[in-house]
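Novice: sequence-free structure coming up:
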């Protein structure tokens, strides 16, 4: 039985230290993305209404809000692949009601793993064939280093999705859940930061310990803000596989304590990120690509936070974000009620 009660939590004032830089061509890319989805993805959905509900969640907005330097062509190929994953997540997740079929879900997810690893070149399945076409476009636009890292990220994410099908039925540790949520939610977006640059990162960037630390900080920032704002959807769907739910479960902290834990970590991540970023801008001033990559990591974290706030998928149908990021929030089965906006964002 799904929960029906409402509850509240309060978020402390937000420092807003990371620079938000949406893609300047985002509106046109969102328009083209919706056109493609309506033309090609309807056969994957149980009805036209089901597809429109998915589109109302604005999945393309994540890309346009998080990758300021990515070209329209690259954004569209990334969107095609990611939206197919969105469809799979919504239509085959454990809270998908009559649609949910674990065997079909695992088969499609493993099919995607076969595509990115090169063992499946064509398929009679509409979903997989669309993925193959978009994957081929991605490979054409990627250097060998970028393609290798994107392939690894897709493989990790699909393996985590397969595991997540079984997670509600097993006793898992926080570390196990954290690693799986990182893989399903953030490994792929992080890999596409490099794709958006349009050139391979060289070894001085890939192997730099401080840049690797910034990567982890940006990933965890995006993951934690996702977990805070997606909690309403997860909780009321009855399938709350989230870090917040884990912290708030019986034997753990209450919902307010869980939100405090996540939100305070977001604040500390931003302070640490800025300190390391400023140091690296000086140390790697002779490597323009390093500076650009660091700035793109920052933009992804800032954009992912705002996407979670605007997303109807998390906040309820017809949601319109007022810009508030602190104060008293009310979660209901229908929507998230935000506090009045007190500071510019």
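Specialist: That came in fine, so what should we check first? Predicted model only: the values in this text are computed from it and were never measured.
Novice: can we go C-alpha only for contacts and neighbour counts from here?
Specialist: Noted.
Novice: Surely residue 301 touches residue 214?
Specialist: No - checked against C-alpha atoms under 8 Å, the pair residue 301 and residue 214 is beyond contact range at 10.6 Å.
Novice: Looking at those two, which is more packed in?
Specialist: Using other C-alpha atoms under 10 Å as the criterion, residue 301 and residue 214 rank with residue 301 on top: 28 against 20.
Novice: and that one, what is it in contact with?
Specialist: Neighbour list for residue 301: 18, 66, 218-219, 221-222 [criterion: C-alpha atoms under 8 Å, 6 or more residues apart in numbering].
Novice: Just send those residues back as a markdown table, with secondary structure and neighbour count too.
Specialist: Below are the contacts of residue 301 laid out as a markdown table (DSSP: H, G, I helix; E, B strand; the rest coil; neighbours: other C-alpha atoms under 10 Å):
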| residue | secondary structure | neighbour count |
| --- | --- | --- |
| 18 | coil | 18 |
| 66 | helix | 27 |
| 218 | helix | 26 |
| 219 | helix | 22 |
| 221 | helix | 28 |
| 222 | helix | 26 |
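Novice: Assign residue 322 to helix, strand or coil.
Specialist: Recorded secondary structure, residue 322: coil (DSSP: H, G, I helix; E, B strand; the rest coil).
Novice: Now it: closest residue in space, sequence neighbours ignored.
Specialist: Distance criterion C-alpha to C-alpha, 6 or more residues apart in numbering; nearest residue to residue 322, sequence neighbours excluded, is residue 341 at 6.3 Å.
Novice: any idea of the pLDDT on that neighbour?
Specialist: Note on residue 341: pLDDT of 82.
Novice: and the gap between it and residue 14?
Specialist: 12 Å (C-alpha to C-alpha, to the nearest Å).
Novice: Can you work out which residues contact both of the two?
Specialist: Listed as contacting both residue 341 and residue 14 by C-alpha under 8 Å, 6+ apart are 325-326.
Novice: ok so, going back, what is the nearest of the contacts of residue 301 to residue 279?
Specialist: If you rank the contacts of residue 301 by distance to residue 279 using C-alpha to C-alpha, residue 18 comes first, at 15.4 Å.
Novice: would you list every one of the strands in the protein?
Specialist: With strands called from DSSP state E, the chain shows them at 7-11, 327-331, 336-337.
Novice: Each with direction, which strands does the first one pair with?
Specialist: Put plainly, it is strand 7-11. The strands beside strand 7-11 in its sheet (DSSP bridges) come out as strand 327-331 (antiparallel).
Novice: Give the buried residues for the strand it pairs with.
Specialist: By 16 or more other C-alpha atoms under 10 Å, the buried positions in strand 327-331 come out as 327, 329, 331.
Novice: again, but for stretch 334-344
Specialist: 335-339.
Novice: try stretch 314-326
Specialist: Within stretch 314-326, the residues that count as buried by 16+ other C-alpha under 10 Å are 314-316, 319, 321, 323-326.
Novice: so how far is the worst-scoring helix or strand of the chain on mean pLDDT off the chain centroid?
Specialist: Here the helix or strand of the chain ranked lowest by mean pLDDT, DSSP states H and E is helix 102-116, holding a mean of 77. Centroid separation between helix 102-116 and its chain, computed with C-alpha atoms, centre = their mean, to the nearest Å, is 20 Å.
Novice: Residue numbering should commence at 445 henceforth.
Specialist: Renumbered: residue one is now 445, and that last one reads helix 546-560.
Novice: which helices and strands sit right next to it?
Specialist: helix 516-536, helix 570-584, helix 588-610 (3 or more C-alpha pairs under 8 Å, 6 or more residues apart in numbering; DSSP states H and E).
Novice: can you put these in JSON lines and add mean neighbour count?
Specialist: Written out in JSON lines, the entries for the helices and strands packed on helix 546-560 read as follows (neighbours: other C-alpha atoms under 10 Å):
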{"stretch": "helix 516-536", "mean neighbour count": "20"}
{"stretch": "helix 570-584", "mean neighbour count": "18"}
{"stretch": "helix 588-610", "mean neighbour count": "19"}
